[in-house]
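Undergrad: Dropping the sequence and predicted coords here.
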Amino acid sequence: MGMAASQARYLALVARKSNCEYEGQQINQSRLVLSNQSANLFNQMLGLDVPVPPSTSDFTKLQYTFKDGPTTYTLDDWKQLASPEEEYNYMVTYHYNTRAYTGREQKLSDPQVQFSTGAPATEAQISAKIKEVTEAKKAWDEAEKDLAEIKTKASTLTNYKSGTINRITACEETLDGDYEITQTNTEGVETKTVFTAYERTDADTQAAIKTSIENLKKNGVYPEDADVDELCKTVFYVTDPDSALYGSMAFSSDLIAAKGTSVMNQYKTADINAQYETYAAQINTAKVAAVDAKFAYDEKKAEYDSLSTPTYVGNCELTLLDSLDENETAELERIIADMKDAEITTNIANCFDSQGKYKGGIYKFTYNNVTYYTSFTDLENSYKSGTGINNIDGQIKLPYYNAEYEDKDISETKKALLETDSNGRFTSVRFEDDSIVHTLASNTITDEAGYQDAMNEYNYKSALYEKAVQDINAKTSLIHQEDQQLELRLKQLDTEQNALSTEIDAVTKVIKDNVDKSFKTFGG
């Protein structure tokens, strides 16, 4: 039994030792794999491009400039002509900065175009009505312009005083022989004025009227043989001190004509001269024409307002341009020209005829204290594309326009004659379309923006490099930790194997001793 037990123990120890040797081989294989991984990571680190900071010298160059009046020109590039000419030796590109009046198009997202409640109408109907409103406004403006010109001429008369002349809508003769004039102002307010006959005025008034008639005669309005007393009998005078025309006089012929709502001449009784009568008549005529034109415009505008028309873009109120002032004309012409140059199709251009005259259909609105322009067609397109209540949701973008001064760099390329000094630097330039020789100033400049961009790129690449190195170091650290653990396990296996070898030797010795004793006992 002792012999068998020793042999079993021996076999167990040998098996354990073999297992330790096998595990040690596996650990060595794993460490070899880790070693290869570590080597690969090291090679990756060696393969990384180390960022190099930019040098200011790479962004420094010699720059040539010249001045022509207040403008500074900068030479950007110069290339020798392939076939030098007698007068020119280089093809030179230069630029200069200027402020240019520039039109631009923008597109408003979610414009929320709103139309007024009114009779639905087609685009053609509204366009026709816009044209009528525009023409009526133009006629009104011309009438007001004519009136202003006449007033300007009349204002040269030191003794001229303009009365309030409204549109005469009625003239009736009273039972007392007076005339009651009904006048309507531009707001539609009616006033009634009674002109009293000369015979029914007091003595002081009659004296003032007679003096005025005598002044008219002296100034040549009436012939020298005219009977002043007879002329006075044809005069009617405003005696009501509360009347706006208090102190004015008119002739019976004018009052009779006023029954047909024609123009009535009115005169102040003091300081009348020969020219006053002419200018007063012209002013009255121009005022009535202006009032009539205003009434016609109001009528057309009311017809337009009765239709469903654009009113707002978001919270910005829309204003229909019936006519264009000088600033609006200049801005819109600039917009149309620049849109054409940029090959941008715009409905703004359709609001002018082939001669460039405004036909109507342009609206303006103010946003952030800036005036913008758009067309009826664009407004309608956005409005019709919407959904929900009043088509307010989901509208397509609205094109809108304005023009303003912007800084622009203008670049040109021309043949030129460049002359150099003994150091090879250019000293002067003369262009092919210019007889003036411009003196060149040279200075060294650094492209700070380019250098800063390069430095930003360097910082970015440095950050990427540092990140890559840190990642490799982190992976290498994990490999080292795993290798240390394997190495520790290998040492443990080595210690265990030594212990097993010692124990195997002891068991072997026991087995040998048993065998020796057995042979001695049975070999006797």
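TA: Alright, I've got the coordinates.
Undergrad: Can you pull out the low-pLDDT segments for the chain?
TA: 1-3, 6, 123, 152-167, 186, 219-221, 260-277, 279-280, 519-524 (pLDDT under 70).
Undergrad: Which segments of it make up each domain?
TA: Per automatic domain parsing, the structural domains of the chain span 2-47+480-523, 141-298.
Undergrad: Which residue ranges of the stretch 301-450 of the chain form helices?
TA: Here the stretch 301-450 of the chain has its helices, by DSSP state H, counting those that start in this stretch, at 326-341, 376-385, 448-523.
Undergrad: Pick the most buried one from the domains of the chain.
TA: domain 141-298 (a mean of 16; mean count of other CB atoms under 10 Å). To be clear about C-beta, it is placed using only N, CA and C from the backbone, and glycine gets the same treatment.
Undergrad: Endpoints of that one, how far apart?
TA: Distance between the boundary residues of domain 141-298 (CA to CA, to the nearest Å) amounts to 13 Å.
Undergrad: wait, Glu432 sits on Tyr88?
TA: Yes: if you go by CB atoms under 8 Å, Glu432 and Tyr88 touch, sitting 6.1 Å apart.
Undergrad: more neighbours, these two?
TA: Counting neighbours by other CB atoms under 10 Å for Glu432 and for Tyr88 shows that Tyr88 has the greater number, 17 against 13.
Undergrad: ok, now which ones touch that one?
TA: With contact set as CB atoms under 8 Å, 6 or more residues apart in numbering, Tyr88 has these partners: 81, 415-417, 432.
Undergrad: Of these, which is the most crowded?
TA: Going by other CB under 10 Å, Ala416 tops the contacts of Tyr88 with 24 neighbours.
Undergrad: Need the three-state assignment for Pro223.
TA: Here Pro223 is recorded as coil under DSSP: H, G, I helix; E, B strand; the rest coil.
Undergrad: and it, backbone torsions?
TA: phi -70, psi 160 (degrees, to the nearest 10).
Undergrad: Grab the nearest non-local neighbour of it.
TA: Lys217 (7.9 Å; CB to CB, 6 or more residues apart in numbering).
Undergrad: which element is the residue minimising distance to the centre of the chain on?
TA: Nearest to the geometric centre of the chain sits Gln106, at 6.4 Å (CA atoms, centre = their mean). Taking DSSP states H and E as the definition, one finds Gln106 inside strand 90-108.
Undergrad: If you count contacts, what does that strand end up packed against?
TA: Applying 3 or more CB pairs under 8 Å, 6 or more residues apart in numbering; DSSP states H and E, one finds that strand 90-108 contacts strand 71-80, helix 326-341, strand 398-420.
Undergrad: got JSON lines for those, with distance to Tyr237 too?
TA: Formatted as JSON lines, the helices and strands packed on strand 90-108 follow (distance: least, CB to CB, whole Å):
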{"stretch": "strand 71-80", "distance to Tyr237": "70"}
{"stretch": "helix 326-341", "distance to Tyr237": "45"}
{"stretch": "strand 398-420", "distance to Tyr237": "57"}
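Undergrad: Of those, which is nearest Glu487?
TA: In terms of CB to CB, the element of the helices and strands packed on strand 90-108 nearest to Glu487 is strand 71-80, at 66.8 Å.
Undergrad: distance of Ala302 from Thr122?
TA: Relative to Thr122, Ala302 is positioned 20 Å away (CB to CB, to the nearest Å).
Undergrad: How about Val228?
TA: 67 Å.
Undergrad: coming back round to it: adding distance to Phe66, write the contacts of Tyr88 out as a markdown table.
TA: Compiled in a markdown table, the contacts of Tyr88 are given as follows (distance: CB to CB, whole Å):
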| residue | distance to Phe66 |
| --- | --- |
| Leu81 | 20 |
| Lys415 | 16 |
| Ala416 | 11 |
| Leu417 | 13 |
| Glu432 | 16 |
